[in-house]
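Asks: 3D, please:
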Amino acid sequence: MISLQITDVKDFMYQLLKTELFDHFLMPEAVITTAVTYHVDGHLNTSFYSEDELEILGLKNLSAAPFSLLRANCFELIKGKRTPSYFKFVFMLSPENLKNTLLSIKSPFTENDISGVYLNLHYQNQTLTCTTGISYQIFSTDRSFENEWDALVCRFLKNHGISYEILS
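Replies: Okay, here's the model as predicted:
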């Protein structure tokens, strides 16, 4: 796990809310505080959709909604002349992206070993931090996947021109 401070908040927020950069992540949870606090439960209510809709929208077998479905709503809650006093976005890899990530780094772990791979955004007091995390289904002292995930996140940010400082 690492914690990064995003140094250009305005540019990051543009990329987060106005581009598709984070759309491939699932978003199980968000909290946005402006004049009031909004709690977004991003867990899918699959009974809302028909089986065909789930298939067409690529939602079948997902526990949480892709950020692409929630981004416009989040933008509406945040936009305006005043910045939010607080927000938290919890992003996680989809099952397909988890599988691809494990394969690409040749990890000894399988999809069944991992509950979730997370990227958490936290904004408060004009400071935006990004924290990585992994939740395991098994006990392991092997931290190789965590180290790889940390490096992948840093590479992802760097490749998209997002400046940051490592906090821990």
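
Asks: okay, and for the protein, where does confidence drop off?
Replies: Applying pLDDT under 70 to the chain picks out residues 168.

Asks: How much space separates the residue most central in space within it from Asn45?
Replies: Nearest residue to the geometric centre of the chain (Cα atoms, centre = their mean): Phe91, 2.0 Å. Here the criterion is Cβ to Cβ, to the nearest Å. By it, Phe91 lies 19 Å from Asn45. Every C-beta, even on glycine, is put in place using the N, C-alpha and C of the backbone.

Asks: do Glu148 as well
Replies: Distance from Glu148 to Asn45, by Cβ to Cβ: 33 Å.

Asks: now swap in Met27 and tell me
Replies: 14 Å.

Asks: Same drill for these two, tell me which one is more crowded.
Replies: The neighbour count for Met27 versus Asn45, taken as other Cβ atoms under 10 Å, is higher for Met27 (24 against 8).

Asks: Is that one in contact with Phe91, as I believe?
Replies: Yes: between Met27 and Phe91 there is a contact at 5.7 Å, judged by Cβ atoms under 8 Å.

Asks: which residues of this structure fall in helices?
Replies: 9-18, 51-56, 67-78, 95-104, 144-159 (DSSP state H).

Asks: As TSV, the ones you listed with distance to Glu111 and mean neighbour count would be great.
Replies: Output for those, formatted as TSV (distance: least, Cβ to Cβ, whole Å; neighbours: other Cβ atoms under 10 Å):
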stretch	distance to Glu111	mean neighbour count
helix 9-18	27	16
helix 51-56	20	11
helix 67-78	21	16
helix 95-104	5	14
helix 144-159	12	16
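
Asks: Tell me which of those sits nearest to Asp41.
Replies: helix 67-78 (10.4 Å; Cβ to Cβ).

Asks: Return the distance of that closest one from the chain's centre.
Replies: Centroid separation for helix 67-78 versus its chain: 13 Å, with Cα atoms, centre = their mean, to the nearest Å.

Asks: Identify all contacting residues around it.
Replies: By Cβ atoms under 8 Å, 6 or more residues apart in numbering, the surrounding residues in contact with helix 67-78 are 13, 17-18, 20, 22-27, 30, 32, 34, 38, 40, 42, 57, 84, 87, 89, 91.

Asks: hmm, 10 Å instead?
Replies: Helix 67-78 is touched from outside by 13, 16-27, 30, 32-34, 36, 38, 40, 42, 44, 57-59, 64, 84, 87, 89, 91, 123, with contacts defined as Cβ atoms under 10 Å, 6 or more residues apart in numbering.

Asks: Also stretch 53-65?
Replies: 25-29, 40-46, 48-51, 66, 68-70, 90-92, 94-96, 116.
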